[in-house]
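[1] generate coordinates for the sequence data below:
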Amino acid sequence: MSAAESTARALRPPAGALAAAHSNAPEEIEALVHRLLELLGEDPARPGLLETPRRVSRALQWLTHGYARTPEEEIGNAIFEEHHESMVLVKGIEVYSMCEHHMLPFFGQAHVAYIPSGRIVGLSKLARLVDVFARRLQVQERLTDQIADALCRILRPKGVGVVIEARHLCMMMRGVEKQNSSTVTSALRGDFAESARTRAEFLRLAMPGG
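    Numbers count the residues shown, from 1 in each chain. Next up, the predicted model:
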């Protein structure tokens, strides 16, 4: 971990504090959205906007509910002793997140693989692990790393591979307005980083048509 990453982690509020702030915020968010509508030149009292602050508050609470969850809680006791030694890959896990730079959505698919070391995890838990980190303000690069690192920490496998391909509305709706662009990020740990053969097999299976 770099010095910058260590500093950022030290300054970040603990997970419990984030969860508490997240659960206690709805009324404050409503007030802020009400003021935002005014600053945009709208009339929050007109019929179409009367319920908008409440709706936006509820939507944001849902879209960022990953702050109130941890990978360990999501996986729980769904770890099983099993001497399977080949790659386990779950493809096409839907990803919906929000860019922390503009608070606009990005969406796509995650492909998550690992090579067990005497333990396997319930397949649905891999999708839940993705959601824990996706349902926060994010950048795709960090999201990819967080999924891989959490799976390494919890399962202690021989290796982990994560690929995410996503489209970002901050590129599609504003700025350069490129509608057909997508971003691909990967995180490789253990055997996936050290073995060219394992890495090639994972990328071949994970990519479209694999």
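[2] surely Ile147 meets Leu129?
    Yes. Ile147 is in contact with Leu129 according to C-beta atoms under 8 Å; the separation is 6.1 Å. C-betas here are computed from N, CA, C, even on glycine.
[3] what sits in contact with each of these two?
    Counting by C-beta atoms under 8 Å, 6 or more residues apart in numbering, the common neighbours of Ile147 and Leu129 are Val112.
[4] just the CA trace of stretch 86-99, in CSV.
    Coordinates of each C-alpha in stretch 86-99 appear next as CSV, following Å, rounded to 0.1, in the frame of the first residue of the first chain:
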residue,chain,number,x,y,z
SER,A,86,-9.9,-25.5,-10.4
MET,A,87,-11.0,-22.0,-11.2
VAL,A,88,-14.5,-20.9,-10.1
LEU,A,89,-15.9,-18.0,-12.3
VAL,A,90,-19.2,-16.2,-12.0
LYS,A,91,-19.7,-14.1,-15.2
GLY,A,92,-22.1,-11.2,-16.0
ILE,A,93,-22.8,-9.9,-12.5
GLU,A,94,-24.7,-6.7,-13.1
VAL,A,95,-23.1,-3.6,-11.7
TYR,A,96,-24.8,-0.4,-10.9
SER,A,97,-22.8,2.4,-9.2
MET,A,98,-22.4,6.1,-9.0
CYS,A,99,-19.3,8.0,-10.1
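[5] what sits against His168?
    Cys99, Leu104, Phe106, Gln140, Ser181, Thr183.
[6] try it again at 10 Å.
    97, 99, 101-102, 104-108, 139-140, 175, 178, 181-183 (C-beta atoms under 10 Å, 6 or more residues apart in numbering).
[7] ditto for Ala134
    Ala134 is in contact with 63, 66, 93-98, 106-108, 110, 140, 143, 146-147, 164, 166, counting by C-beta under 10 Å, 6+ apart.
[8] please redo it, this time with the cut-off set to 6 Å
    Val95, Ser97 (C-beta atoms under 6 Å, 6 or more residues apart in numbering).
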